[in-house]
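Q: can't give you the sequence, but here's the structure:
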């Protein structure tokens, strides 16, 4: 007999330097001594956002005033089946106080040095390692030299996640470009995915592969690379990405694009609907500029992905 799902809201409280707050569960609670993101059960009649605001006041003594929905994770513990609706909190009033937990600590996703963590939060920590911007190359349109120059400038400016997508380049040119782009990215601490070609990704030393939607729907299992993402356009494709436990997905087009002129985009309302209950970070794509980041995150998107706008 399946157990009733306990609905809960959880807070990823973020400081400008990217660090986030964890609390240690006190004695007498299930999983006492484990670290978790603050939050708690959604009470009858509450929305997830209302529960988030209330729990942060009760647990930390703060009032959240800038927050956006993010991912939703389900986990079956021995004592409960929990659905956690995570929010990212970037602004609050009041001084954070230790009211509920027996310890609080600020951590960074690339260096978590407290343990043990609640099992449901492992995938959340992985998601927090991704930046909010995902750049996509188009050297086949503008030239290899021009693209490498733009890439160097973007990396120097902070770009940390890159997709090499070059359907217009011949095989040898594509390999040479992918190798050099990967070298440049790694020199700046950025991660690289190659679109559609697992063998090429492995050959040039990229971090992973980005699956086109057709390839995503054909795969029986996740490719054996450290980083795997996919392009999605609808609910079944997003569900497939989640089932394969991919690291993130891209959803679009949100707006009409130059490459698909005359084709209406999903729009923000439809994008938000599709991203309800999605357990992995999703970048919004399609006709977007960097200034669209806030609107994207209000729909529960992790950030935005772009081709042309990435190199402005």
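A: Thanks, I have the structure now. Treat the numbers as computed from the prediction; the structure is a model and nothing was measured.

Q: Averaging pLDDT per element, find the lowest-scoring helix or strand in this structure.
A: Sorting the helices and strands of the chain by mean pLDDT, DSSP states H and E puts helix 122-127 at the bottom, at a mean of 92.

Q: on contacts alone, who are the packing partners of that one?
A: Here helix 122-127 touches strand 63-76, going by 3 or more Cβ pairs under 8 Å, 6 or more residues apart in numbering; DSSP states H and E. Placement of C-beta: from N, CA and C, glycine included.

Q: ok, the strand it packs on: who's next to it in the sheet?
A: Paired with strand 63-76 in the same sheet, following DSSP bridges, are strand 81-93 (antiparallel).

Q: Find out how far the partner strand is from the centre of the chain, if you would.
A: Remark: strand 81-93 is offset 14 Å from the chain centroid, using Cα atoms, centre = their mean, to the nearest Å.

Q: Could you pull up the mean pLDDT of that strand?
A: Averaged over strand 81-93, pLDDT sits at 96.

Q: re earlier: can you give me the mean pLDDT across the next helix or strand after the least confident helix or strand of the chain?
A: Next in sequence after helix 122-127, counting helices and strands by DSSP states H and E, comes strand 133-136. When pLDDT is averaged over strand 133-136, the result is 98.

Q: for strand 133-136, packing partners?
A: Contact partners of strand 133-136 among helices and strands, from 3+ Cβ pairs under 8 Å, 6+ apart: strand 161-164, strand 303-306.

Q: Name the residues that touch it?
A: 154, 159, 161-163, 165, 250, 283, 290, 293, 303-307, 310-311 (Cβ atoms under 8 Å, 6 or more residues apart in numbering).

Q: In it, which residues are buried?
A: Using 16 or more other Cβ atoms under 10 Å as the test for burial, strand 133-136 gives 133, 134, 135, 136.

Q: What of stretch 226-235?
A: 227, 228, 229, 230, 231, 232, 233.

Q: what about it, start to end distance?
A: 25 Å (Cα to Cα, to the nearest Å).

Q: start the count at 43, not 1, going forward
A: Sure, I'll start numbering at 43, so the last one becomes stretch 268-277.

Q: from the middle of its chain, how far away would it be?
A: Distance, centroid of stretch 268-277 to centroid of chain: 11 Å (Cα atoms, centre = their mean).

Q: All the helices of this structure, residue numbers only.
A: Ranges of helices in the chain, per DSSP state H, are 90-102, 164-169, 181-184, 186-198, 213-229, 240-246, 255-260, 277-285, 309-316, 335-340.

Q: Rounded mean pLDDT for the third one, please.
A: Confidence for helix 181-184, expressed as mean pLDDT, is 97.

Q: just checking, what packs against that helix?
A: Using 3+ Cβ pairs under 8 Å, 6+ apart: helix 181-184 touches helix 186-198.

Q: which outside residues touch the helix it packs on?
A: So helix 186-198 is contacted by 177, 179-181, 184, 201, 204, 211, 215, 218-219, 222-223, 226-227, 229-230, 232, 352-353 (Cβ under 8 Å, 6+ apart).

Q: Mark which of those are buried, thanks.
A: 177, 179-181, 201, 204, 211, 219, 223, 226-227, 230, 232, 352-353.

Q: got any ranges where the stretch 193-342 of the chain has weak pLDDT?
A: Along the stretch 193-342 of the chain, the parts satisfying pLDDT under 70 run over 300-304.

Q: so can I have CSV of the helices of the chain showing distance to residue 54?
A: Formatted as CSV, these follow (distance: least, Cβ to Cβ, whole Å):
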stretch, distance to residue 54
helix 90-102, 11
helix 164-169, 7
helix 181-184, 35
helix 186-198, 26
helix 213-229, 26
helix 240-246, 30
helix 255-260, 27
helix 277-285, 19
helix 309-316, 19
helix 335-340, 12
